[in-house]
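Asker: structure of the sequence below:
(one chain, ligands or ions: 2)
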Amino acid sequence: MDKMKLAVIGGSGLYELEALEDRRWVSVDTPWGAPSDEILTGTLGGVEMAFLPRHGRGHVHSPSEVPYRANIDALKRLGVTDVISVSACGSFREEMAPGDFVIVDQFIDHTFARDKSFFGTGCVAHVSVAHPTCPRLGDACHAAAREAGVRVHRGGTYLAMEGPQFSTMAESRMYREAWGADVIGMTNMPEAKLAREAELCYASVAMVTDFDSWHPDHGAVEISDIIRVMSGNGDKARRMIGRLPFLLGTQRDRCPHNCDRALEHAIMTAPDRRDPTLLARLDAVAGRVL
Ligand SMILES: CSC[C@H]1O[C@H](OP(=O)(O)O)[C@H](O)[C@@H]1O
Ligand SMILES: Nc1ncnc2[nH]cnc12
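Answerer: Ligands and ions are numbered 1, 2, ... in the order given. Below is the predicted model:
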């Protein structure tokens with residue numbers, strides 16, 4: 001058994017976790033630059049926690065400019081084992097209404113202007129993201145949301161778009177009808193891919209704020225509507241997070257889905273052809289296998 005250290009990455013509307021005890025905002029340097037903000041460390045129900053506001057306090061980073069690699073590296077460097085992403089999203093399904101939570105289990109990565117891997121020339125690696133979220137952590141989020149009295153859906157496909165503009169109506173209909181997406185947001189990719197490369201269990205809780213722009217009765221998505229729903233969603237997220245320590249406990253078994261062994265056979269570059277400079281940058285993320 002290892003010690004559980006749980007991180008929450010807070011999205012739009014979630015910039016603080018007031019309930020953390022022994023709280024301290026810490027600055028973490030990474031070889032990939034600075035994370036979105038300092039990281040709040042502390043405990044909740046006896047479980048070690050870290051909280052990182054994805055857009056920074058005051059919402060300073062746009063979705064394309066969030067330093068995704070630095071964020072995941074910094075959490076790994078702090079000893080985090082499990083990451084819960086909490087995000088605002090639009091919905092493509094009538095039954096996934098504003099105020100509902102969706103425990104995402106699949107992604108369509110439609111982003112194109114972001115660094116998507118820790119690896120590259122001098123150390124090439126290919127991890128599997130066929131199942132990009134951790135079912136064990138997703139189950140805990142589902143149970144926690146239910147215990148918190150939230151209407152929650154287990155499973156859904158999240159379309160990650162580049163943004164920052166919302167979709168056109170034609171795009172919205174295509175994502176929904178032709179691509180089969182259930183919800184849409186701008187941030188969970190490459191975050192989920194990077195968490196897998198860093199051998200972290202990753203679950204995504206998408207909090208519905210709107211029906212994007214496909215719905216005949218709801219018109220086009222407007223930021224004012226999103227902000228109105230967001231604060232209620234933030235309160236629900238805090239209640240859900242408050243239940244997690246009791247469901248997860250202070251110790252963890254190895255991940256039964258091998259999230260924490262994702263790099264086991266992933267590195268292709270021959271040991272004698274590896275670039276020492278890149279290897280040094282990979283110390284936290286891939287130190288276990290290098
Ligand atoms: C505030 S609406 C658009 C914005 O909200 C979502 O952010 P996050 O995923 O961090 O909660 C969405 O992805 C966009 O970045
Ligand atoms: N409709 C939408 N599209 C993209 N990101 C969102 N975040 C919240 N609602 C969204």
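Asker: the residue lying closest to Pro164 once chain neighbours are set aside: how many residues sit nearby?
Answerer: The shortest distance from Pro164 to any non-neighbouring residue, by C-beta to C-beta, 6 or more residues apart in numbering, is to Ser62 (5.1 Å). Yep, even glycine has a C-beta here, placed from its N, CA and C like the rest. Look at Ser62: counted by other C-beta atoms under 10 Å, it has 12 neighbours.
Asker: how far does stretch 225-239 sit from its chain's centre?
Answerer: Relative to the centre of its chain, stretch 225-239 is centred 17 Å away, using C-alpha atoms, centre = their mean, to the nearest Å.
Asker: and the spatially closest residue to Gly149 that is not a sequence neighbour, how many neighbours?
Answerer: Of all residues not flanking Gly149 in the chain, Arg239 sits nearest, at 7.2 Å (C-beta to C-beta, 6+ apart). By other C-beta under 10 Å, the residues close to Arg239 number 16.
Asker: so Ser172, which of the three states?
Answerer: With DSSP: H, G, I helix; E, B strand; the rest coil as the basis, the three-state label of Ser172 is helix.
Asker: pretty sure it contacts Asp212?
Answerer: Yes - applying C-beta atoms under 8 Å, one finds Ser172 in contact with Asp212, separated by 4.8 Å.
Asker: among the two, which residue is more densely surrounded?
Answerer: Per other C-beta under 10 Å, whichever of Ser172 and Asp212 has more neighbours is Asp212, with 27 against 24.
Asker: ok, the residue lying closest to that one once chain neighbours are set aside - contacts?
Answerer: For Asp212, ignoring the flanking residues on the chain, the nearest one in space by C-beta to C-beta, 6+ apart is Gly90 at 3.5 Å. Gly90 makes contacts with Phe166, Ser167, Val183, Ile184, Gly185, Val208, Thr209, Asp210, Phe211, Asp212, Val221, as judged by C-beta atoms under 8 Å, 6 or more residues apart in numbering.
Asker: and Gly90, helix, strand or coil?
Answerer: Under three-state DSSP, Gly90 falls in the strand class.
Asker: distance of it relative to ligand 1?
Answerer: In this view, Gly90 and ligand 1 are 8 Å apart by C-beta to the nearest ligand atom, to the nearest Å.
Asker: mind listing the helices for the stretch 101-250 of the chain?
Answerer: Using DSSP state H, counting those that start in this stretch, the helices of the stretch 101-250 of the chain run over 135-147, 169-173, 188-197, 223-248.
Asker: ok, the residue of the stretch 1-150 of the chain found nearest ligand 1 - how many residues close by?
Answerer: Nearest to ligand 1, among the residues of the stretch 1-150 of the chain, is Gly11, at 2.2 Å (C-beta to the nearest ligand atom). Gly11: 31 surrounding residues under other C-beta under 10 Å.
Asker: show me the contacts for it.
Answerer: Arg54, His55, Ser85, Val86, Ser87, Ala88, Gly185, Thr187.
Asker: shared neighbours, Ser172 and Asp212?
Answerer: By C-beta under 8 Å, 6+ apart, the residues touching both Ser172 and Asp212 are Phe92, Ile184.
Asker: for the stretch 151-290 of the chain, which residues are neighbours of ligand 1?
Answerer: Residues of the stretch 151-290 of the chain lying near ligand 1 by C-beta under 6 Å from any ligand atom: Gly163, Gly185, Met186, Thr187, Ile226.
Asker: what's the most distant pair in those?
Answerer: Farthest pair in these (C-beta to C-beta) is Thr187 and Ile226. Separation: 13.9 Å.
Asker: distance-wise, check the residue nearest to Asp212 relative to Gly10.
Answerer: 18 Å (C-beta to C-beta, to the nearest Å).
Asker: likewise Cys259?
Answerer: Separation of Cys259 from Gly10 (C-beta to C-beta): 21 Å.
Asker: and the contacts of Gly90 near ligand 2, which?
Answerer: Answer for the contacts of Gly90 near ligand 2 (C-beta under 6 Å from any ligand atom): Phe166, Ile184, Gly185, Thr209, Asp210, Asp212, Val221.
Asker: nearest to Gly287 among these?
Answerer: For the ones next to ligand 2 among the contacts of Gly90, the closest approach to Gly287 (C-beta to C-beta) belongs to Gly185, at 30.8 Å.
Asker: thinking that closest one is in contact with Cys89, fair?
Answerer: Yes - using C-beta under 8 Å, Gly185 is in contact with Cys89, at 4.2 Å.
Asker: fine by me, thanks again.
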